[in-house]
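>>> Sequence and predicted structure below; questions after.
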Amino acid sequence: MVETNSTEVLVIGAGPGGYVAAIRAGQLGLDTTVVEMEDVGGTCLNRGCIPSKALIKATTMAHRVGNAEHMGIHADPEFDYAKLSRWKDRVVRRLTGGIGKLFKANGVREVNGRAEFIDDSSVEIFDEDGNVTERIEFDDAIIATGSVPTEIPGFSFDADPILDSRDVLNKTELPDSMIIIGGGYISLETADVLAKVGCDVTLIGRPPTALRGYEDDLVKPVMRRGEKIGIDFHFGMEAREWWENDDGTVTVAAMPVEDEDDNEFREYTGEEIMVAIGRSPRTDTANLEAAGVETDDWGRINVDDQLRTDVDGIYAIGDVLGEPMLAHRASHQGVVAAEVIAGMDSELDHKTVPAACFTDPEIAVTGMTEDEAKEAGIDPIVGKFPFRASGRAMAQDETDGFVRVVADENERVIGGQVVGPEASELIAELTLAVEMEATLDEVAETIHTHPTLAESVMEACEKALGRPIHVIDR
Ligand code: FAD
């Protein structure tokens with residue numbers, strides 16, 4: 001006889017959406033249960049944001065040391081990749097272990113297994129062998145089941161040489177060459193790591209340029225740096241088929257998509273193929289139909305500003321809602337959903353969800369671009385400050401890129417873009433400015449520590465106001 005338990009809040013999935021929702025619900029005094037079928041921390045902590053950033057940091061560090069002759073540093077770092085991979089795993093374990101402690105401290109019950117709805121107020125929990133271990137009745141449920149990598153027809157992840165980002169992050173030994181299919185941030189970040197470790201990387205992307213959706217002047221420095229470290233980029237090419245060669249290598253055949261008259265396949269050969277063309281909401285694990293939760297044509301669950309699905313008492317958050325699939329968005333939604341369940345008046349009322357690509361150099365954006373502002377009928381005021389004029393950027397030997405601020409006619413900051421060192425950190429100040437509707441003057445008049453990269457945000461605002469100190473106002 002399977003035991004039946006009850007809970008006020010049931011959270012399905014313990015990624016950055018689900019685990020944050022569970023902690024906040026527990027904090028608010030709700031009796032909370034979180035169910036996770038793989039690893040607490042979800043994609044982000046185990047096979048996404050954190051391991052990728054650990055590898056990016058380590059390989060970039062080594063690359064910089066190995067390319068600092070002009071600074072009088074003579075070094076040729078060698079990689080013990082197995083050891084680097086173990087270090088990255090320890091970082092992940094420390095973080096995921098911490099979540100377990102936070103669950104305990106906030107009175108959250110953690111259940112290991114896969115939750116499947118029986119109806120709109122109960123689930124069954126399945127273990128790895130498919131046995132039901134428990135039934136749980138709930139007052140409210142939060143679906144936070146995340147996303148999975150999207151497959152290209154003919155490039156099944158079940159085939160040995162076809163890898164997804166998780167397979168690559170889990171490697172303890174790297175191949176000499178890799179073909180990466182996809183031109184988004186996951187492909188570019190991975191290409192960067194592999195190239196810096198000495199792997200020959202060929203990157204094939206269907207769009208005409210990398211990082212579609214980001215402005216050209218943000219992407220250019222990344223492409224320049226990528227080419228410099230030896231990444232062989234091929235954009236405007238659609239991967240159509242692949243085969244294994246007698247010598248154990250694999251070949252991908254791709255067709256140009258831009259030129260209708262060009263029907264000639266191009267062939268690229270390497271040891272393995274990584275496919276990272278995007279991610280799809282994960283809606284096939286929890287038997288959503290039994291609860292009456294529907295998905296749209298893109299496989300997403302639709303919610304309102306309080307994260308409610310169409311079914312009373314069932315909420316959904318994070319990647320399962322579709323783009324933008326970002327950890328901080330999932331976590332923010334988790335907090336809002338928990339607060340709504342607790343009876344608070346919370347809703348998604350933010351002005352912006354910032355985004356960052358941890359490429360070399362980094363790109364980060366928030367709010368509106370200049371073009372988006374114009375499309376919205378705004379006559380934008382724009383200020384741009386190049387890192388080559390920043391003392392700190394020079395002292396760090398990282399002068400590629402710029403900070404750009406976009407303001408409306410009333411000089412209120414409505415957006416910003418950064419490409420360059422620590423862009424992912426610098427974007428926080430611009431995001432705060434957008435959320436608080438700060439004026440250019442308020443940011444410019446805030447005293448920024450010297451010498452810092454953050455001064456470039458202040459300088460971009462000064463430039464927008466026509467009173468820059470460290471660049472000529474033209
Ligand atoms: P997930 O993190 O996917 O968690 C969902 C969890 O639900 C999983 O643990 C899964 O096992 C569990 N689950 C699913 N179904 C069930 C079920 N029926 N029962 C129980 N458990 C279930 N985002 C950023 O913001 N910054 C980055 O730098 C970044 N880097 C990334 C790098 C890579 C290589 C990848 C792949 C992703 C990256 N992301 C990044 C995206 C980020 O990881 C996701 O946006 C984020 O993890 C989404 O959180 P989530 O909670 O919605 O889903």
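Great, that's in hand.
>>> what pairs with the longest strand along the chain, and is each one parallel or antiparallel?
Ranked by residue count and defined by DSSP state E, the top strand of the chain is strand 132-143. Sheet pairing of strand 132-143 (DSSP bridges) gives strand 4-12 (parallel), strand 122-126 (antiparallel), strand 314-316 (parallel).
>>> Residue 363 is in contact with residue 218, correct?
Yes. Using C-beta atoms under 8 Å, residue 218 is in contact with residue 363, at 4.9 Å. From N, CA and C alone the C-beta is placed, and that goes for glycine too.
>>> any residues in contact with both of the two?
Common neighbours of residue 218 and residue 363, counting by C-beta atoms under 8 Å, 6 or more residues apart in numbering, are 211, 417, 419.
>>> before we move on, back to that, following the longest strand of the chain, which helix or strand shows up next?
strand 147-149 (DSSP states H and E).
>>> Please work out which residues outside the next helix or strand after that next one touch it.
As assigned by DSSP H and E, the chain's next helix or strand after strand 147-149 is strand 162-163. With C-beta under 8 Å, 6+ apart as the test, strand 162-163 has contacts from 155, 156, 157, 242, 272, 273, 274, 275.
>>> go again using 7 Å as the cut-off
155, 156, 272, 273, 274, 275 (C-beta atoms under 7 Å, 6 or more residues apart in numbering).
>>> How about the residues of the stretch 251-400 of the chain by the ligand?
282, 285, 286, 318, 319, 325, 326, 327, 328, 330, 358 (C-beta under 6 Å from any ligand atom).
>>> residues in contact with the fourth one?
It refers to residue 318. Per C-beta under 7 Å, 6+ apart, neighbours of residue 318: 15, 17, 144, 146, 330, 333.
>>> Now render these as JSON lines, adding pLDDT.
Shown next, in JSON lines, are the contacts of residue 318 (pLDDT from 0 to 100):
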{"residue": "15", "pLDDT": "98"}
{"residue": "17", "pLDDT": "98"}
{"residue": "144", "pLDDT": "98"}
{"residue": "146", "pLDDT": "98"}
{"residue": "330", "pLDDT": "98"}
{"residue": "333", "pLDDT": "98"}
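>>> Specify which member of these is nearest to residue 305.
Nearest to residue 305 among the contacts of residue 318 is residue 333, at 10.4 Å by C-beta to C-beta.
>>> what about that closest one, how many residues close to it?
By other C-beta atoms under 10 Å, the residues close to residue 333 number 25.
>>> Now it. Its backbone dihedrals?
Backbone geometry at residue 333, expressed as degrees, to the nearest 10, gives phi -60, psi -30.
>>> Please name the nearest non-neighbouring residue to it.
residue 317 (3.8 Å; C-beta to C-beta, 6 or more residues apart in numbering).
>>> count of neighbours near the one you found?
Around residue 317 there are 33 residues (other C-beta under 10 Å).
>>> Just flag the most distant two among the contacts of residue 318.
Using C-beta to C-beta, the two most remote members of the contacts of residue 318 are 146 and 333, lying 12.3 Å apart.
>>> in the lengthiest helix in the chain, what counts as buried?
Across the chain, the longest stretch assigned as helix under DSSP state H is helix 81-105. Buried residues in helix 81-105, counted by 16 or more other C-beta atoms under 10 Å: 81, 84, 85, 88, 89, 91, 92, 96, 99, 102, 103.
>>> Next, format the strands paired with strand 132-143 as TSV and append mean pLDDT and mean neighbour count.
Output for these, formatted as TSV (pLDDT from 0 to 100; neighbours: other C-beta atoms under 10 Å):
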stretch	mean pLDDT	mean neighbour count
strand 4-12	98	22
strand 122-126	98	21
strand 314-316	98	27
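>>> So for this protein, which residue is the most central one in space?
Nearest to the geometric centre of the chain sits residue 326, at 4.7 Å (C-alpha atoms, centre = their mean).
>>> can I assume it is in contact with residue 357?
No. Using C-beta atoms under 7 Å, residue 326 is not in contact with residue 357, being 11.2 Å away.
>>> Distance-wise, check the residue in the stretch 351-474 of the chain positioned nearest to the ligand relative to residue 150.
For the stretch 351-474 of the chain, the residue closest to the ligand is residue 358, as judged by C-beta to the nearest ligand atom, at 5.6 Å. Note on residue 358: its distance to residue 150, by C-beta to C-beta, to the nearest Å, is 21 Å.
>>> Please identify which of the two sits among more neighbours.
Using other C-beta under 10 Å as the criterion, residue 358 and residue 150 rank with residue 358 on top: 22 against 13.
>>> which other residues reach the longest helix of the chain?
19, 22-23, 34, 39-41, 45-46, 50-51, 54-55, 58, 110, 171-174, 197.
>>> same thing but 6 Å
19, 23, 40-41, 45-46, 50-51, 54-55, 58, 110, 172, 174 (C-beta atoms under 6 Å, 6 or more residues apart in numbering).
>>> next one: stretch 387-399
With C-beta under 6 Å, 6+ apart, stretch 387-399 has contacts from 401, 420, 421, 451, 452, 453, 456, 470, 471.
>>> Name the residues of that stretch that are buried.
387, 389, 390, 392, 393, 398, 399.
>>> One more: stretch 58-70?
58, 59, 62, 63, 64, 67.
>>> so what pLDDT did the fifth one get?
Turning to residue 64, the model gives it a pLDDT of 96.
>>> Check the last one too.
At residue 67 the predicted local confidence, pLDDT, stands at 96.
>>> Now do it against residue 393, distance only.
17 Å.
>>> and stretch 417-424, does that touch the ligand?
No. No part of stretch 417-424 sits near the ligand under the criterion C-beta under 6 Å from any ligand atom; the closest distance found is 8.0 Å.
>>> just how off-centre is that stretch within its chain?
Relative to the chain's own centre, stretch 417-424 is displaced by 15 Å; criterion: C-alpha atoms, centre = their mean, to the nearest Å.
>>> List the buried residues of it.
417, 418, 419, 420, 421, 422, 423, 424.
>>> Can I get the residues you listed in a markdown table including distance to residue 367 and pLDDT?
A markdown table is the format used below for the buried residues of stretch 417-424 (distance: C-beta to C-beta, whole Å; pLDDT from 0 to 100):
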| residue | distance to residue 367 | pLDDT |
| --- | --- | --- |
| 417 | 9 | 98 |
| 418 | 12 | 98 |
| 419 | 16 | 98 |
| 420 | 18 | 98 |
| 421 | 21 | 98 |
| 422 | 19 | 98 |
| 423 | 15 | 98 |
| 424 | 16 | 98 |
